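Enquirer: sequence first, then the predicted structure, then my questions.
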Amino acid sequence: MQIIVVKHQKQANELVGGMFARILQTHTHPVFGLATGGTPEGLYQWLRASDLDFRKAVAVNLDEYVGLPATDPHSYAYYMRQHLFAHKPFAHTFIPDGSAKDLLAAAAGYHQILKDHPRTIQLLGVGRNGHIGFNEPNSSFKSTTRVVALTPSTIAANARFFKSKDAVPTHALSMGISEIMAAEQIVLMAFGTNKATAVKNLVAGRVTPRWPASILQRHPHVVVVVDEAAAAQLPVVTLKHAIHQ
Ligand code: F6R
């Protein structure tokens, strides 16, 4: 696992944007696993302003709220259109269908989509409780796409995007941990003090479903890009070996 500590989020966006650019240069039909939420907003802004061409690339998103159609401004489908897809067309984009009548079938269909589109890179954020995708604490490392119940702490954290906590959907359709781990490479971004404990457990804690992101220690190609606030609880020895920018 390579740890990169940046002074400013802008540097993180440039760095990950640069990784995306290299993938576009070296792969004819790359598949980008993408995330939503506050963390990648700056990266998407960087990509929008770039001259990168994604028309031969495929995007596969991590998750979607259950019950929100793609037209709902709070849905992740809407978020992706707003932040990236409307500005940078892809050959194809996939997001789990959280408004499907048959969610079990939608989950199984998404699992097949992931099999058919092995990801060149998977972008991740991390929840304060260590979730990746919406794989909340105690999710199985073998999990695949399924309906998950969001924990009260995730609902509270995401309430900032809604009118109130009560408006946050209670469930999501999320890529599973085994599917996240199947990506060729993974890049995780985390910013701010409230991610520091999750980052410590992801990088230097025991590998345990209690902290789902800790499984990333077992992946051969992971880059973790954090700002100094998110790196604040990392052990000194980890920080010594980290790249500081
Ligand atoms: C988003 C996702 C989540 C977020 C995480 C952090 O698609 O799967 O795991 O990455 O909840 O969210 P933010 O970036 O809003 O702090």
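Expert: Now that the structure is in, tell me what you want to look at. Computed from a prediction, not measured in an experiment: that's the story for all the values here.

Enquirer: so which bits of this protein are right by the ligand?
Expert: 35-39, 62-63, 125-127, 131-134 (CB under 6 Å from any ligand atom). The way it works is simple: take the backbone N, C-alpha and C, and place the C-beta from them, glycine included.

Enquirer: on the pLDDT front, check the most centrally placed residue in the chain for me.
Expert: For the chain, residue 124 is the residue whose C-alpha lies nearest the centre (CA atoms, centre = their mean; 2.6 Å). We have a pLDDT of 99 for residue 124.

Enquirer: with residue 63 instead?
Expert: 98.

Enquirer: can you report how many residues neighbour it?
Expert: 24 (other CB atoms under 10 Å).

Enquirer: ok, residue 235 next?
Expert: 10.

Enquirer: so what's it closest to, chain neighbours aside?
Expert: Among residues not flanking residue 235 along the chain, residue 204 sits closest, at 5.2 Å (CB to CB, 6 or more residues apart in numbering).

Enquirer: check contacts around that neighbour.
Expert: Contact partners of residue 204, counting by CB atoms under 8 Å, 6 or more residues apart in numbering, are 234, 235, 238.

Enquirer: list the buried residues for the helix ranked longest in the chain?
Expert: Ranked by residue count and defined by DSSP state H, the top helix of the chain is helix 9-26. Residues of helix 9-26 classed as buried: 9, 12, 13, 14, 15, 16, 17, 19, 20, 23, 24 (neighbour count, 16 or more other CB atoms under 10 Å).

Enquirer: what average pLDDT does that helix get?
Expert: Per-region confidence: helix 9-26 scores 98 on mean pLDDT.

Enquirer: likewise for stretch 148-159?
Expert: For stretch 148-159, the per-residue pLDDT averages 96.

Enquirer: which of the residues in that stretch are buried?
Expert: For stretch 148-159, by 16+ other CB under 10 Å, it's 148, 150, 151, 154, 155, 157, 158.

Enquirer: all strands of this protein, in order?
Expert: 2-6, 31-34, 58-61, 63-65, 92-94, 121-124, 146-149, 171-174, 185-190, 222-227, 243-244 (DSSP state E).

Enquirer: where in this protein is pLDDT low?
Expert: Filtered on pLDDT under 70, the chain yields no residues whatsoever.

Enquirer: give me the buried subset of the residues of the chain next to the ligand.
Expert: Of the residues of the chain next to the ligand, these count as buried by 16+ other CB under 10 Å: 35-37, 39, 62-63, 125-127, 131-134.

Enquirer: what sits closest to the residue nearest to the centre of the chain if chain neighbours are left out?
Expert: residue 188 (4.2 Å).

Enquirer: counting neighbours, what do you get for the one you found?
Expert: Counted with other CB under 10 Å, the neighbours of residue 188 add up to 24.

Enquirer: pretty sure it contacts residue 213?
Expert: Yes: applying CB atoms under 8 Å, one finds residue 188 in contact with residue 213, separated by 7.3 Å.

Enquirer: and for these two, which residues touch both?
Expert: 124, 126, 132, 202.

Enquirer: contacts only, for residue 215.
Expert: Per CB under 8 Å, 6+ apart, neighbours of residue 215: 132, 141, 177, 181, 207.

Enquirer: quick check: bridge partners of the spatially closest residue to residue 241 that is not a sequence neighbour?
Expert: With CB to CB, 6+ apart as the criterion, residue 241 has its nearest non-adjacent residue at 7.3 Å, and that residue is residue 3. Residue 3 has these beta-bridge partners by DSSP bridges: residue 224.

Enquirer: from residue 126, how far out is residue 3?
Expert: Residue 3 sits 13 Å away from residue 126, going by CB to CB, to the nearest Å.
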